[in-house]
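A.B. asks: Show me how the following folds:
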Amino acid sequence: MAAAPLALHIRQDDLQDARIEAFMHEHLRDMHATSPPESVHALDMVRLRQPDIRFWTAWTADAQAAAPGQLAGTAALKHLDTDHAELKSMRTAAALRGQGVARALLEHLLGQAVDLGYTRISLETGTQAFFAPAHQLYLRYGFADCAPFGDYRPDPHSRYMTRTL
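C.D. replies: This is a model prediction of the structure:
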């Protein structure tokens, strides 16, 4: 029997919670441990707080408390132009991987992108085995491989994907 889906609360976030900063530092450490430095395109906290970025967090639901429980995942949209956004900072807490956090965040951000008027969303991810679950998720949601976009250049350690909305 499959486990019940994880109950999540997804919110647009102002990045003021210290737990988010620690989570994103862990994300950067993983990216640097997985990819060569010139191929790490993850954003640091300063860059995540820029006006062209909208950032969301997913928290486990805690029925006994008024506040959300554990930080389960993050995702962001970076404005590229009036029709095009980039998916950034997709991360699931290691202890919660495989429980639908990334799927829930991706579905939420695709809806937000439509609401914001975007007609295309693209992303850059790594090519290493570490990123295989992300590749599978993006393919399931209609993303297809594409050429580098925005400021990206061809890189054997990067995979570029896009989809229309």
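
A.B. asks: tell me which residues of the helix or strand encompassing Ala102 are tucked away?
C.D. replies: Using DSSP states H and E, Ala102 sits in helix 101-115. Of the residues in helix 101-115, Val101, Ala102, Ala104, Leu105, Leu106, His108, Leu109, Leu110, Gln112, Ala113 count as buried by neighbour count, 16 or more other Cβ atoms under 10 Å. From N, CA and C alone the C-beta is placed, and that goes for glycine too.

A.B. asks: what's the angle from the very next helix or strand once past that helix to helix 101-115?
C.D. replies: Counting by DSSP H and E, the element after helix 101-115 in chain order, helix or strand, is strand 120-126. Relative orientation of strand 120-126 with respect to helix 101-115: 150 degrees, computed using axes from the mean of the first three to the mean of the last three Cα atoms, to 10 degrees.

A.B. asks: show me what contacts Phe143?
C.D. replies: Applying Cβ atoms under 8 Å, 6 or more residues apart in numbering, we find Phe143 in contact with Leu123, Met161, Thr162, Arg163.

A.B. asks: in the sheet, who's paired with the last one?
C.D. replies: Going by DSSP bridges, Arg163 is paired in beta bridges with Ile121.

A.B. asks: my guess is it contacts Ile121, does it?
C.D. replies: Yes. Using Cβ atoms under 8 Å, Arg163 makes contact with Ile121 at a distance of 6.1 Å.

A.B. asks: So between these two, which is more surrounded?
C.D. replies: The residue with the greater number of neighbours, taking Arg163 and Ile121 and applying other Cβ atoms under 10 Å, is Ile121; the counts read 25 against 17.

A.B. asks: That one contacts Thr162, correct?
C.D. replies: Yes. The pair Ile121 and Thr162 qualifies as a contact (Cβ under 8 Å) at a distance of 7.0 Å.

A.B. asks: which residues are common contacts for the two?
C.D. replies: In contact with both Ile121 and Thr162: no residue, using Cβ under 8 Å, 6+ apart.

A.B. asks: Can you name the residues in contact with the helix holding Ala102?
C.D. replies: Applying Cβ under 8 Å, 6+ apart, the set of residues contacting helix 101-115 is 6, 8, 10, 54, 56, 58, 72-75, 77, 85, 87, 90, 92-93, 121, 133-134, 137-138, 141, 165.
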